[in-house]
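Peer 1: Provided below are the primary sequence and the corresponding predicted coordinates.
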Amino acid sequence: MSTDVRSILVRSARAEARRDGSRTIEAEHVLLALAGLHDSAAAQLLAEAGLTEDAIRTALNREWEQSLAVAGIAVRMGLLPEATPERGRDPHIGESTKLLLHRAMDAAPKLGGGRIGPMRILVGLLATERGRVARTLEAAGVDLAALRSKAAEALAAGTR
């Protein structure tokens, strides 16, 4: 499987968004897509932090429950029906994904030709302090600063 940005976003993250019943591809869908690239260094780094696809889904559900609880709504995600994907509709790139791509492009070291691979996408994804992915990683008990540092080091060492 190709691991360029178009493949990650257009195939994998879009499939995650569709599975989620979402109209947009958001950062959490990109996180799941990266974790699904089992042969990539980005997926291996996530797995070392305990972030397999299943662990991410569990943490996303926990984050959703916690976010709703703040609003006074008690929900157990496992008790809700699964989303019904609309097969004929392709989710579009959402704002959180646009932001992570900008952050990925701004990450050092700068690469020529606009090439953006899984590790650069992961660095862009981890570059935020707020949002659903940051809350999800916190819910999963991940040391975000350490993961951010390892991803930046891998990118600096030339890992795509």
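Peer 2: Cool, the structure landed.
Peer 1: from now on I want contacts and neighbour counts done on CA atoms only, so please keep to that.
Peer 2: Will do.
Peer 1: and Met105, how close does it get to Met77?
Peer 2: Taking C-alpha to C-alpha, to the nearest Å as the criterion, Met105 is separated from Met77 by 35 Å.
Peer 1: what about those two, which has more around it?
Peer 2: Applying other C-alpha atoms under 10 Å to Met105 and Met77 shows that Met105 carries more neighbours, namely 19 against 14.
Peer 1: ranges for the helices of the chain?
Peer 2: 5-6, 14-20, 27-35, 41-48, 53-70, 95-106, 118-126, 132-139, 144-156 (DSSP state H).
Peer 1: for the last one, name the packing helices and strands.
Peer 2: This points to helix 144-156. The contact analysis (3 or more C-alpha pairs under 8 Å, 6 or more residues apart in numbering; DSSP states H and E) places helix 144-156 against helix 41-48, helix 118-126, helix 132-139.
Peer 1: buried ones in that helix, by neighbour count?
Peer 2: Using 16 or more other C-alpha atoms under 10 Å as the test for burial, helix 144-156 gives Leu144, Leu147, Arg148, Ala151, Ala152, Ala154, Leu155, Ala156.
Peer 1: and for stretch 40-49?
Peer 2: Result for stretch 40-49 [16+ other C-alpha under 10 Å]: buried residues Ser40, Ala41, Ala42, Ala43, Gln44, Leu45, Leu46, Ala49.
Peer 1: thank you kindly, that will do.
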